[in-house]
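Asks: How does the following fold in three dimensions:
(one chain, ligands or ions: 1)
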Amino acid sequence: MTSATSMRTGLCGELGVDDVGTKVRLCGWVARRREHGEHLAFVDLRDRSGIVQCVVDGSVELRNEYVVAVSGVVRRRPEGMENPSLLTGEVEIGDCTVEVLAAAEPPPFHVEDRTDVDEAVRLRHRYVDLRRPRMQANLRLRAAVVSAIRRAMEREEFCEVETPLLWSPTPEGAREFAVPSRLHRGDFYVLPQSPQIAKQLLMVGGFDRYYQIARCLRDEDLRADRQFEFTQLDMEASFVTQDDVLGFVSEAVLDAAQCATGERPPPIERMTWAEALDRYGTDKPDLRIETELVDLGEAFGSTEVRALSAPSVKGLRIPGGGGTSRAGLDALGERARALGAKGLAWFRVAESDGATTLDSPLARVLSDAERDALVRVSAAAPGDLVLAVADDHRTACTVLGQLRVELGARPVGEGPHRYVWVVEFPLFETVSADGHPVPAHHPFTMPHPEDIDRMETDPLSVRSQAYDLVLNGWELGSGSVRIHRADIQARVFKALGISDEDAEARFGFLTGAFRFGAPPHAGFAFGIDRLVAVLAGEESIREVIAFPKTQSGADPLTGAPKPLPASSLAELGIRIVGG
Ligand code: ASP
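Replies: Next up is the predicted model:
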């Protein structure tokens, strides 16, 4: 057994009837003990592999979570005493002698999955929490996933390169953590929100296939799918197109999924950003939810009904939603307005004398043709509910897209894992108050070749060569083909309102490097915490991170963040003001 060491012969959870008669020495924690009279005790011994029952004669003072070494002989349990809920339930260790390696105070909670413990308590005593089978399984799954990703990247001849943690601001929009410099008083390093610039410099440096299991840091509000520090597979390659990058990343993700679930998911489908918006009202479509948005232009394109006349009318069928109460429908209407719609039309679909009927405040004012088209286009059947939003196209789509998710919501890790590539994101997201477009990805993203000439005249219509990978409605990661030509970069900076001096000051070291021979290149990064959380069936990435922060960004275990001694502050030239 490879798990044998000088102190133990093997692992608790791996023993079975084949080992009967073998002398063993096992090390672990006391999971449970039951005394039978003064001289006989049953001790459940736990290590990372599981639990085995040890029968101890004689009196030993043991408590839960003591660390012990037990020597004895594997034997079959007496008939009728087997425990089918335990993998080792057919055997036990007899003739035991027990050596206490370390005593333990009573644990703050039971080390078992069933105990419901407040998260702050779990994190405060994370070392105890990590002994629970769930956390053991999650972190081991994580290690297996990372290992599969490494193997996939190495198979494709990617070279792992470490990039600095003490770095300079990266233009990706997230708030960054600053680190004061002692040697350069008043100056700061920035912790990388991603190795974006470093990996592009590696391309100029001739490493045509780079990857890194990279820690990234962003000072953003925390959520179930967001921590200050997270891990991504970061990659970049030269002399490639978007298709090549999608191919490399798909292989790595599918390998990882296969190693986690035992099954290889089907090839990852692709859709354009415009299609995702049109069909799902979002750039993060959750494809587990069957129902899609439909275009009701055919029904209401020339309607007289004010509530339904707008540049775009989108519909959403809620299968079986026909029983929704008036109060429920009012609440949906309110939600739609909160999301930015002017209103929400609803139609409860029923049947009367074999004909489909619509129950809705608008039913009376629809023409027969409109009613028929609504039923046909939305494929509504008796018992369904059809929702409709009339607005500009984007609002109509996004409002119904959000309702689609809220009504069909399922925990992210539940059910099938539906991956999808969303490609051709717009180059610019919106126009800011100063009239300049705001980049949707980062300013080094290559515009779509067919649209590049509209950059100055109609920037919001310009597509980019940026792409996202989405899993069950979670954005796993994003990437793009990068601009490697100075003339195109200058046009993008100009469109963004970044002056030459500003560009030089902020990104001069990248654009400067490009003057020395930049290959065409493209890359991607995806969140390993998020992928592992879904594969582990967890709702929060905190469950797959050994030492996460709480929602408020604190670490209950170490007490971080905390004040620094005055002497350290003085050395850094920092004075705390206010607060
Ligand atoms: N740097 C990007 C990110 O962290 C990914 C990429 O474009 O490669 O999201």
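Asks: The ligand contacts on the stretch 101-250 of the chain?
Replies: Neighbours of the ligand within the stretch 101-250 of the chain, by C-beta under 6 Å from any ligand atom: 172, 194, 196. Heads up, the C-betas are built off the backbone N, CA and C, glycines and all.
Asks: Residue 54: helix or strand, and which one exactly?
Replies: strand 50-57 (DSSP states H and E).
Asks: which residues are contacting whichever helix or strand comes after that strand?
Replies: Scanning forward in sequence from strand 50-57 by DSSP H and E, the next helix or strand is strand 67-76. For strand 67-76, contacts defined as C-beta atoms under 8 Å, 6 or more residues apart in numbering pick out 7-8, 15, 17, 19-30, 43, 45, 54-56, 62, 90-102, 104.
Asks: which ones among those are found in helices?
Replies: Using DSSP state H, no member of these sits in helices.
Asks: At which residues are the helices of the stretch 301-450 of the chain located?
Replies: Here the stretch 301-450 of the chain has its helices, by DSSP state H, counting those that start in this stretch, at 326-338, 368-378, 393-408.
Asks: Also the stretch 51-200 of the chain?
Replies: Under DSSP H, counting those that start in this stretch, the stretch 51-200 of the chain gives helices at 119-124, 126-129, 133-155, 196-204.
Asks: Now do the last one: which elements does it pack against?
Replies: In this case it means helix 196-204. If contacts are counted by 3 or more C-beta pairs under 8 Å, 6 or more residues apart in numbering; DSSP states H and E, helix 196-204 sits against strand 209-217, strand 229-238, helix 500-514, strand 521-527.
Asks: got the contact list for whichever strand in the chain runs longest?
Replies: Looking across the chain with DSSP state E, the single longest strand is strand 23-36. Under the contact criterion C-beta under 8 Å, 6+ apart, strand 23-36 has outside partners 7-12, 15, 41-47, 51-52, 54, 62-74, 93, 101, 104, 111-112, 131.
Asks: Of these, which count as buried by neighbour count?
Replies: 8-12, 15, 41, 43-47, 51-52, 54, 62, 64-66, 68-72, 74, 93, 111, 131 (16 or more other C-beta atoms under 10 Å).
Asks: Which positions in the stretch 401-550 of the chain make contact with the ligand?
Replies: Looking at the ligand, the residues of the stretch 401-550 of the chain close enough under C-beta under 6 Å from any ligand atom are 478-480, 523-525.
Asks: one more time with 5 Å, if that's ok
Replies: 478-479, 523, 525 (C-beta under 5 Å from any ligand atom).
Asks: Quick one: the residues you listed as JSON lines, columns for pLDDT too.
Replies: What follows is those, written out as JSON lines (pLDDT from 0 to 100):
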{"residue": "478", "pLDDT": "95"}
{"residue": "479", "pLDDT": "97"}
{"residue": "523", "pLDDT": "98"}
{"residue": "525", "pLDDT": "97"}
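Asks: Out of the residues you listed, give me the two with the largest separation.
Replies: 478 and 523 (10.0 Å; C-beta to C-beta).
Asks: of the two, who's got more company?
Replies: Ranked by neighbour count (other C-beta atoms under 10 Å), residue 478 and residue 523 place residue 523 first, with 26 against 22.
Asks: Make sure that one is actually in contact with residue 235.
Replies: Yes. Contact criterion C-beta atoms under 8 Å: residue 523 and residue 235 qualify, at 5.5 Å.
Asks: what do these two both touch?
Replies: 199, 245, 479.
Asks: wouldn't the second one be in contact with residue 521 here?
Replies: No. Look at residue 245 against residue 521 with C-beta under 8 Å: they stay out of range, at 9.5 Å.
Asks: Between these two, which contacts overlap?
Replies: Joint contacts of residue 245 and residue 521 (C-beta under 8 Å, 6+ apart) are 237, 481.
Asks: how about residue 268, what does it touch?
Replies: Counted by C-beta under 8 Å, 6+ apart, residue 268 has contacts 246, 250, 253-254, 419-421, 469.
Asks: Show me which positions of stretch 327-344 end up buried.
Replies: 329, 332-333, 335-336, 339, 341, 344.
Asks: quick one: which of those residues is nearest to the ligand?
Replies: Distance to the ligand across the buried residues of stretch 327-344 (C-beta to the nearest ligand atom) is lowest for residue 339, with 25.9 Å.
Asks: how about the nearest residue to the closest one, chain neighbours excluded?
Replies: Spatial nearest neighbour of residue 339, excluding adjacent residues (C-beta to C-beta, 6 or more residues apart in numbering): residue 399 at 4.6 Å.
Asks: Could you do residue 563 as well?
Replies: Residue 563's closest residue in space is residue 576 (C-beta to C-beta, 6+ apart), at 8.0 Å.
Asks: Now do the SS call for the one you found.
Replies: Assigned by DSSP: H, G, I helix; E, B strand; the rest coil, the conformation of residue 576 is coil.
Asks: I'd say it and residue 569 touch.
Replies: Yes. Counting by C-beta under 8 Å, residue 569 is a contact partner of residue 576 at 7.0 Å.
Asks: quick one, which of those two is more surrounded?
Replies: Using other C-beta under 10 Å, the more surrounded residue of residue 576 and residue 569 is residue 569, with 14 against 9.
Asks: Alpha carbons of the one helix or strand that one maps to, as CSV, please.
Replies: Residue 569 belongs to helix 566-572 when assigned by DSSP H and E. Listed next in CSV are the C-alpha coordinates belonging to helix 566-572 (Å, rounded to 0.1, in the frame of the first residue of the first chain):
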residue,chain,number,x,y,z
ALA,A,566,2.5,51.2,14.3
SER,A,567,6.1,50.3,13.6
SER,A,568,5.2,48.4,10.4
LEU,A,569,3.0,51.3,9.3
ALA,A,570,5.8,53.8,10.0
GLU,A,571,8.2,51.7,7.9
LEU,A,572,5.8,51.8,5.0
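Asks: in that helix, what counts as buried?
Replies: residue 572.
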